[in-house]
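>>> predicted model and sequence below, questions to follow.
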Amino acid sequence: MYHKYDAVVIGAGGAGLSAAIKLVGKGNVAVISKLYPSRSHTGAAQGGICAALGNCEEDHWEWHMFDTVKGGDYLTDQDAAEILAREAIDAIYELEHMGLPFNRTPEGKIDQRRFGGHTRNYGEGPVRRACYSADRTGHMILQTLYQQGIKNNVTFFNEFHLMDILINNGRCVGVTAIDIKTGELHTFQTKAAILASGGYGRAWKVTSNAHACTGDGMTSAYRAGIPLMDMEMYQFHPTGLYRIGVLLSEAARGEGGILRNAQGERFCERYAPTLKDLAPRDMVSRFIAQEIREGRGAGTDKDFVYLHVDHLGKEVIDAKLPDITDFARTYLKVEPYKEGVPIQPTAHYAMGGVPTNVNGQVIVDQNATVLPGLYAAGEVACVSVHGANRLGTNSLLDLVVFGRRAGIHASEFIKTVDFEELPSNHEGQANQLLGWVNSGSDPKRKEVAADIRKELQREMEENVKVVRNEKGMTHALTKIQELKERYQKVRLQDPSSKFNTERLEILELGSLLEVSEATAKGALERKESRGAHYREDMLNRDDVNFLKHTLAYRSEDGGVSRLAYKPVTITRFQPKERKY
Amino acid sequence: MQVTVKVLRFDPEKDKKAHFQSYELEADPLDRILDVLHNIKWYQDGTLTFRRSCAHGICGSDAMRINGRNRLACKVLVQDIGKKIQVEPMLGFTIIKDLVVDMEPFFAKYRSIKPYLINHDVAPAAERVQSSEEREVFDETTKCILCGACSGSCPPYWANGDFIGPAAIVNAHRFIFDTRDQGAEERLAVLGEAEGLFRCRTVFNCTDACPRDIPVTKAIEEIKRYMLYRR
């Protein structure tokens, strides 16, 4: 089926909806989403969204910008960080005006709480900057933005899976997607496509991410010849529920929760004397890894530590942390009122992704050359506002600030151009891929997708996680190559066209393999430790050789063909040693 | 432990009628029912079809009828259910395939109550002021994840396809009692129609079914009282 829209947004989480709302009335707009919008993974975010409102104590956007840059271990592009911190304030008020039910101060203003790495006066101590709605801030943002979409009669194509980004004469001219309900391929011709399709946490065994987070948007861009930037920069959140990885918000520590090892020691204060448990996530994850490595982990396998909120009292827990304590009860049968909750680092967030400029326009090389008509925002994108490590709450902020900016820029762009024609045989690549998946019913195709996925997740967990080294990453790349070969023989048991989720999972696995390879390759070649990318065989940050962004390009037949490097934008803050 | 899972199957391309199919497999007592369904799909029968995403009770994709009660498959563990597990699509919805039901009529009802803040005043430069006490009034109903477990457990909803259902009413509650909102009358007009609020027979199934522990029946009663006594 064929559709024609001035703008098409792919993904209906925080970034996609923010963009779509800004396009309302500026042209006809469609939003394509793999899930119903309210199912998007934005809804799983918990703790808060930072802005220097100063409602609870003195705060300035410059402090927020500094924390973002330092938190990113100076790989953050500072022009983008400045926009993030400045526009945060207006973005929060806009959300409040849309109806977001923030928790309130005694004066009835938006309440704010502490969060990891957010400080007063350039690092002096924690500051109350995170606006929040209990521990379901992401849920409330997603609901509020979806509600605005409904109010503004946005056209949604729910349960559509992105296949290809179509490029012709140097412009993005549309996308193809399959309607999951019918299995039919649709082409959307457009002047502006906005990718807002999220991350790929499902590449790891233990993850906070939804099953839907499989890097589809990144992969479609990558296959269309667009590089992926800084894929080695992947965040492991320190407090995932033991074994299953479900997120327990940093807000638990923001409210005074602490981490303890098997001996009951509050180990964070040994590593980060000023911020202690509220040091940035990359660091706290490493502290945990080190405690476990040195035998101070808890449990029979000594492979977890405890998150304690029991000293905060029932009232604080129920008012401010109801959901995460419920997770501990439901999944581990642990009572957080009384005891520590077993946690371990969990794959959480891609700092890297499809490179863009501060308007959300996708760029394709180290000179920041724009690909007209294609935008990206949110986790799928890399502005780069998070650098080598994202601070807590800055993801929700990124969605709203850069989602809006992409929507606003696209709404101007679509006024200035006509539709460009589609490339010949524009459904060819998608049909070829679908045909190949469907031929998986051939008895010669014996590989089981779940096995390949499981082996990939285990490999990434072991060798491309919190602590990395050359041997492990090389092993991972070899393993991924082997899995890609086996993937060519993957079987399909369900031949039907309607709501075929087996076929969908096979397509998603293909994406996971592509983005994992780019991640491992970028990591292997970044011969330093910076932010979330920590190498035990190269412990120091190397600003002389690696204060730059990695761009990974795909070769025609799959695999990373080459890496290029793009300079980091530095404006106000020169790189310094990162201590907390 | 060994579990037996009976699933109500329906393939729209083959079946005239839904039928049960049984699977035997190993499960850990701490496995979610969703994990069990995945293990069937991934290692026994790739045709088994269901929705899921977040796997921890936040996205609302995997509401289904498990041993006779609507729950999220990701929020109930094998040890909570036992060795005999029966899984069916929710009642009151049309089956698309296996456990996947048509959510469109459900979302249409949600949209009908105008689920967005209505405020005709010019917004202030900063936030609108609201006290913690004012916010507390509608706190519970902001938790709704639109999974459909409440509506799908509601006998009047089963019996009458036009009944607006508890989920839409919960979302109306979220705005009617928000001091920043000015759209209460518009919503009450919708809820006051024949297929609206007063179709509720106070069965409490919705409250039992809600995976977010929203006191759904209480919210419905609060709107009924507000509608009757607001003048």
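Thanks, I have it.
>>> quick one, what contacts residue 140?
Looking at chain A here, since you left the chain open. Going by Cβ atoms under 8 Å, 6 or more residues apart in numbering or on different chains, A:Met140 touches A:100-102, A:133, B:142. Heads up, the C-betas are built off the backbone N, CA and C, glycines and all.
>>> um, chain B though
B:214-215, B:219.
>>> filter those residues to the buried ones?
B:214-215, B:219 (16 or more other Cβ atoms under 10 Å in any protein chain shown).
>>> quick check: closest non-adjacent residue to the residue in the stretch 451-580 of chain A that chain B sits nearest to.
Residue of the stretch 451-580 of chain A nearest chain B, by Cβ to the nearest Cβ: A:Gln493 (3.2 Å). Once flanking residues are discounted, A:Gln493 sits nearest to B:Gly46: 3.2 Å by Cβ to Cβ, 6 or more residues apart in numbering or on different chains.
>>> so that neighbour makes contact with A:Ser496?
No - counting by Cβ atoms under 8 Å, B:Gly46 stays clear of A:Ser496, with 10.4 Å between them.
>>> which of these two has more neighbours?
B:Gly46 (25 against 16; other Cβ atoms under 10 Å in any protein chain shown).
>>> which residues touch the nearest residue in space to A:Ala130 that is not next to it in sequence?
In space, and not counting its chain neighbours, A:Ala130 is closest to A:Gly48: 3.1 Å by Cβ to Cβ, 6+ apart. By Cβ under 8 Å, 6+ apart, the contact set of A:Gly48 is A:112-113, A:115, A:130-132, A:137, A:251, A:254, A:392-393, A:396.
>>> helices - which of those land there?
Among the contacts of A:Gly48, the ones falling in helices (DSSP state H) are A:137, A:251, A:254, A:396.
>>> what segments of the stretch 401-550 of chain A are helices?
Applying DSSP state H, counting those that start in this stretch to the stretch 401-550 of chain A gives helices spanning A:428-438, A:449-463, A:470-487, A:501-525, A:543-546.
>>> and the residue most central in space within chain B, what pLDDT?
Nearest residue to the geometric centre of chain B (Cα atoms, centre = their mean): B:Gly148, 2.2 Å. Per-residue confidence (pLDDT) for B:Gly148: 98.
>>> wait, what's in contact with A:Ala212?
A:Ala212 touches A:34-35, A:39, A:41, A:198, B:53, counting by Cβ under 8 Å, 6+ apart.
>>> out of those, which is most surrounded?
So for the contacts of A:Ala212 (other Cβ under 10 Å), the most neighbours sit at A:Gly198, 31 neighbours.
>>> I'd assumed A:Val380 was in contact with that one.
Yes - A:Gly198 is within contact range of A:Val380, at 5.8 Å (criterion: Cβ under 8 Å).
>>> gap between the residue of chain B most remote from its centre and chain A?
Relative to the centre of chain B, and counting by Cα atoms, centre = their mean, the farthest-placed residue is B:Ala125 at 36.7 Å. Applying Cβ to the nearest Cβ, to the nearest Å, the value for B:Ala125 to chain A is 8 Å.
>>> report pLDDT for that residue.
97.
>>> spatially, what comes nearest to it if we skip its sequence neighbours?
Using Cβ to Cβ, 6+ apart, the closest residue to B:Ala125 is A:Tyr93 (7.5 Å).
>>> show me what the longest helix belonging to chain B is packed up against.
For chain B, the helix with the greatest residue count under DSSP H is helix B:216-229. Where contact means 3 or more Cβ pairs under 8 Å, 6 or more residues apart in numbering or on different chains; DSSP states H and E, helix B:216-229 is packed against helix B:165-176, helix B:184-191, helix B:205-209.
>>> can I get the first one in CSV? Just the C-alpha atoms.
Once non-C-alpha atoms are left out, helix B:165-176 reads as follows in CSV (Å, rounded to 0.1, in the frame of the first residue of the first chain):
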residue,chain,number,x,y,z
GLY,B,165,-15.9,0.4,30.3
PRO,B,166,-13.8,1.0,33.4
ALA,B,167,-10.5,2.0,31.7
ALA,B,168,-12.0,5.0,30.0
ILE,B,169,-13.8,6.0,33.2
VAL,B,170,-10.5,5.8,35.1
ASN,B,171,-8.9,8.1,32.6
ALA,B,172,-11.8,10.5,32.8
HIS,B,173,-11.3,10.5,36.6
ARG,B,174,-7.6,11.4,36.1
PHE,B,175,-8.7,14.7,34.5
ILE,B,176,-12.0,15.5,36.1
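>>> quick one: it to helix B:216-229, angle?
Put simply, helix B:165-176 runs at 60 degrees to helix B:216-229, going by axes from the mean of the first three to the mean of the last three Cα atoms, to 10 degrees.
>>> give the buried residues for stretch A:349-369.
Those buried within stretch A:349-369 under the rule 16+ other Cβ under 10 Å are A:349-364, A:366.
>>> if you could redo that for stretch A:562-569, that was the one I meant.
Neighbour count says stretch A:562-569 has A:563, A:565-566, A:568-569 buried, by 16+ other Cβ under 10 Å.
>>> how about the contacts made by residue 193?
In the absence of a named chain, chain A is used. A:Ala193 sits in contact with A:7-10, A:165, A:172, A:174-175, A:373-375, where contact means Cβ under 8 Å, 6+ apart.
>>> so which of those are in strands?
The members of these that map onto strands under DSSP state E are A:7-10, A:165, A:172, A:174-175, A:373-375.
>>> and which of the buried residues of stretch A:562-569 is nearest to A:Leu504?
A:Leu563 (30.8 Å; Cβ to Cβ).
>>> pretty sure the closest one sits in a strand.
Yes - counting by DSSP: H, G, I helix; E, B strand; the rest coil, A:Leu563 is located in a strand.
>>> quickly list what it is bridged to.
A:Leu563 has the following beta-bridge partners by DSSP bridges: A:Ala552.
>>> that one against A:Leu524, yeah?
No - counting by Cβ under 8 Å, A:Leu563 stays clear of A:Leu524, with 9.7 Å between them.
>>> what's the spacing between A:Arg223 and chain B?
24 Å.
>>> what about A:Pro280, how many neighbours?
Neighbours of A:Pro280 using other Cβ under 10 Å come to 29.
>>> nearest to A:Gly403 among the contacts of A:Met140?
A:Leu100 (14.8 Å).
>>> go ahead and confirm that closest one touches A:His139.
No - here A:Leu100 does not reach A:His139: they are 10.5 Å apart, not a contact under Cβ under 8 Å.
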